[in-house]
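Q: following is a predicted model, sequence given first.
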Amino acid sequence: MTVAPLALAAIIVVTLITMIVGALGIRVARTPDDFMVAARAVPPFRNAAAISGEYLSAASFLGVAGLILKDGLGMLWYPVGYAAGYLMLLLLVAAPLRRFGAYTIPDFAEGRLGEPRLRKVATAFVLVIGWFYLLPQLKGAGLTLNVLLGTPYWVGVGVLAIVVTSNIAAGGMKGVTFVQALQYWIKLVAIAVPAVVLLAVVGGVHRQALTRPAPPVFATQTTVHVQTSVDINVIAPVTVTAHGTIEGVKVDGPLNLVPGKYEVKDGAVLVFPAGAATPHATGLPILDGKSWVSPFVDAGHRGAHPLAATYSLIVATFLGTLGLPHILVRFYTNQDGRAARRTTIIVLMLLGGFYVFPAVFAVLGRLRDPSLYLTGQTDSVVLVLPHALIGGIGGSVLGALVAAGAFAAFLSTSSGLLVSVAGAMAHDLMRGGVRTFRKCAVVAGAVGLVAGLQVQSFDLNMLVGWCFAIAASTFCPLLVLGIWWRRLTWVGAIAGLVLGGCTSSVAIILTMAGVGQRGWPEVLLGQPAIWTVPLAFLAMIMVSRATPSYLPTDLESKLLQLHLPEALRPRHPSFGET
Amino acid sequence: MCNTAAPHTVAGSRETSTWPTPVTEPTPPVRPVRTTVRSTGVVVPRRDTESQAFDERTEYSDVLLHSLMRAQFGLTLGFIALAVGLLISLPLVVSLVPSLADKRVFGLPLTLAVLGIAVYPVLVAIAIAYVRLAERTERHFRDLVEKL
């Protein structure tokens, strides 16, 4: 693979830059106040770029294209959901949350409802969501290094975990903050340039072929190198030229394959004639053109209830964004409520500007190089397509560019998550200082590493979708009701958090364990948001109504703090006794 | 430091000036980690208006605040209905009229054209419209308060 050395170089460069800037950041003695003051001066555009940059993680960068390639255009609901979630954030919480001044969600919970136990419960879910969101980043790293360099999955996971943990434990977070605004542009360039070049070079794409009522075919004579042993489903009779071990038999020459399952050992090379139907790895759905362009999530294989599955994903992504603790923390860097709103508009533009590109890879992959269906490695389409379709040094450079962007995505998101988790552990749970934080960073990183090794078989975006489901079932009701409903009590808040959080977590764990493969269990456990979110809201509302004596004292002051526009606040606020 | 209110003439008023206390107890900055920073909720209070309606809390200010909250929440709900309504209508329509999924827009399958491209400018447009209206609501509120 000629892309390997260039890609490795690109990844090393990106990692080194992050670590060096992080190390430099230590010298600039920043106290939280310095950070605050600087944050208030950051203009909305740069803020928006920083927020967008951190938001675009492995799932967005690698996962979306791979998921669309595998499961069809219906998977566009993921990126649409990620972007629409930001609109919901704007509509529901942006200005009031900023005006309230709480820095984290546990801060908001205790400040708004006045109960330290609520803070602890909230912190617990900050940890759950944060760790969960780390998993797709680690998986992404394992996948990337495996695809580009041939290393085993655990190498990528280990490298990312160790780099990020040591960077943060050494105090390098400030440096990562420093380059946050650049992260968006790095990622945008890394995905847009190859996409545009691919379209231009490969061009003349027969878009009609997308909706052909048949599975994908090889556009030209294609040589497929099978690097990992895989069982394939041959769909239509085809004569291949094979060199390798198929079904235990060593083959070296033309081979007639009839529809059926075949075991292909690693190291095999298969040459398919133009027009041949692409065999799929078992476990991948075989979608004809019509199913592939369907606007439903999970259109093809088991899709027993496509409408419900789609709506459940919509609920999770639309309502989950505002419940993601690491996103809201980043939000605080806005100057005031008005700036918070404006920044979100820019974030939406930047996200939209990014999300139009992953689909390009999926479409081109399906039409021009469907060999990924055979190897089963659809998740890697963004990494391998530039090199596969554009040979020579140009393809290698583009491949390296994408690799750099991918690793930038993993590094920035993982760093932000680890700081969030370690910070919550150190400060909200253990009430410690710098030393505690560093120990927590190491512990959090280690737990993440172990967990990351377990999730190789799960879709990047499914992992993220689950994370959103938990956020939507816990912090979304807390924030929305806390901001807009006077009668929320801390008892009700805890009830809702626990009910929403536990039901969504249990559903997800069951799905990961393989329970619920078809029908309603698959839909309701696989993406539980459609029932866990209303459940959480109901619990919060009903329990709050039943416990009116637990309303916070000074409720009206809190509401003033949330909702009063900046211009009407008194010049000299007094902090008198209440 | 600050004013304690002289008793108001409005019935049912409270005597002390009770601007919201800080969100959490102020503590000294402990470490160079940006996870939790204790701060007050008020950022650089600057005032463009002479109104003192919110310098102290009274029943009056409470009523005003609640009317503002209601207005803003109504706006939020309206826009949520718009955005969500637009977006969830696509799967609904296609499930009722399946042949729509094969239709093409500029040569692209409908799903790709709508979910892959068209949705993003729509989201941005909705966001811009909302922010304009939300800020206008705040301006009207300020005008209202100033006249009192």
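A: Great, that's in hand. Numbers count the residues shown, from 1 in each chain, chains lettered A, B, ... in the order given.

Q: the longest helix in chain A is where?
A: helix A:116-149 (DSSP state H).

Q: buried sites along that helix?
A: A:118-119, A:121-149 (16 or more other C-beta atoms under 10 Å in any protein chain shown). (Glycine included, C-beta is placed from N, CA and C.)

Q: residues contacting residue 90?
A: Picking chain A for this. By C-beta atoms under 8 Å, 6 or more residues apart in numbering or on different chains, the residues touching A:Leu90 are A:Arg341, A:Thr344, A:Ile345, A:Leu348, B:Ala127, B:Tyr130, B:Val131.

Q: sorry, should have said chain B
A: A:Pro295, B:Val114, B:Leu115.

Q: A:Leu535 now?
A: A:Ser473, A:Leu499, A:Gly500, A:Thr503.

Q: can you narrow those to ones near chain B?
A: Contacts with chain B within these, counted by C-beta under 8 Å from any C-beta of the partner chain: none were found.

Q: next, give me the two most distant ones among these.
A: Farthest pair in the contacts of A:Leu535 (C-beta to C-beta) is A:Ser473 and A:Leu499. Separation: 8.3 Å.

Q: who has more neighbours, these two?
A: More crowded of A:Ser473 and A:Leu499, by other C-beta atoms under 10 Å in any protein chain shown: A:Ser473, with 34 against 21.

Q: hang on, the more buried one packs against A:Val533?
A: Yes. A:Ser473 is within contact range of A:Val533, at 5.2 Å (criterion: C-beta atoms under 8 Å).

Q: overlap in contacts, the two.
A: With C-beta under 8 Å, 6+ apart as the test, A:Ser473 and A:Val533 both reach A:Gly500.

Q: can you list contacts of stretch B:121-135?
A: Against stretch B:121-135 from outside (C-beta under 8 Å, 6+ apart): A:83-84, A:87, A:90-91, A:95, A:338, A:341-342, A:344-345, A:348-349, A:352, B:72, B:75-76, B:79, B:82-83, B:86.

Q: show the buried residues in these.
A: Using 16+ other C-beta under 10 Å as the threshold, A:83-84, A:87, A:90-91, A:95, A:338, A:341-342, A:344-345, A:348-349, A:352, B:72, B:75-76, B:79, B:83 are the buried ones among those.

Q: how about residues contacting stretch A:375-383?
A: A:61-63, A:65-67, A:69-70, A:143-144, A:147-148, A:191, A:194, A:224, A:226-228, A:230, A:280-281, A:283-284, A:358, A:361-362, A:365, A:372, A:384, A:399, A:402-403, A:406, A:459-460.

Q: ends of stretch A:377-393, how far apart?
A: Using C-alpha to C-alpha, to the nearest Å, the end-to-end distance of stretch A:377-393 comes to 23 Å.

Q: now it: mean pLDDT?
A: When pLDDT is averaged over stretch A:377-393, the result is 86.

Q: in it, what counts as buried?
A: A:377-390.

Q: which of those residues sit farthest apart?
A: Counting by C-beta to C-beta, the most remote pair of those is A:Asp379 and A:Ile390, 20.5 Å apart.

Q: name the helices or strands packed onto whatever helix or strand comes next after the longest helix of chain A?
A: The helix or strand immediately downstream of helix A:116-149 is helix A:153-169, counting by DSSP states H and E. Secondary-structure packing of helix A:153-169 (3 or more C-beta pairs under 8 Å, 6 or more residues apart in numbering or on different chains; DSSP states H and E): helix A:3-27, helix A:116-149, helix A:392-423, helix A:434-454.

Q: moving C-terminal of the last one, what's the next helix or strand?
A: Scanning forward in sequence from helix A:434-454 by DSSP H and E, the next helix or strand is helix A:460-484.

Q: what's the average pLDDT for that next one?
A: Mean predicted lDDT for helix A:460-484 stands at 93.

Q: kindly report the same for stretch B:100-111.
A: 82.

Q: so what touches that stretch?
A: With C-beta under 8 Å, 6+ apart, stretch B:100-111 has contacts from A:73-74, A:76, A:207, A:210-211, A:290, A:293-295, B:93-94, B:113-114, B:116-117.

Q: show me which of those are buried.
A: Buried among those (16+ other C-beta under 10 Å): A:73-74, A:76, A:210-211, A:290, A:293-295, B:94, B:113-114, B:116-117.

Q: near chain B, which residues of the stretch 51-200 of chain A show up?
A: Checking the stretch 51-200 of chain A against chain B by C-beta under 8 Å from any C-beta, the hits are A:73-74, A:76-77, A:80, A:83-84, A:87-88, A:90-92, A:95, A:99-104, A:107-108, A:110-111, A:171, A:173-174, A:177.

Q: may I have the strands that pair with the helix or strand of chain B with the lowest mean pLDDT, each with its orientation?
A: Counting by mean pLDDT, DSSP states H and E, chain B has its least confident helix or strand at strand B:104-105, which shows a mean of 82. According to DSSP bridges, strand B:104-105 has the following sheet partners: strand B:108-109 (antiparallel).

Q: number of residues surrounding the spatially closest residue to A:Leu324 that is not a sequence neighbour?
A: Nearest non-adjacent residue to A:Leu324, counting by C-beta to C-beta, 6 or more residues apart in numbering or on different chains: A:Ala471, 5.1 Å away. Using other C-beta under 10 Å, A:Ala471 has 33 neighbouring residues.

Q: next one: the one 4 residues further on
A: By the measure other C-beta under 10 Å, the count of residues near A:Phe475 is 32.
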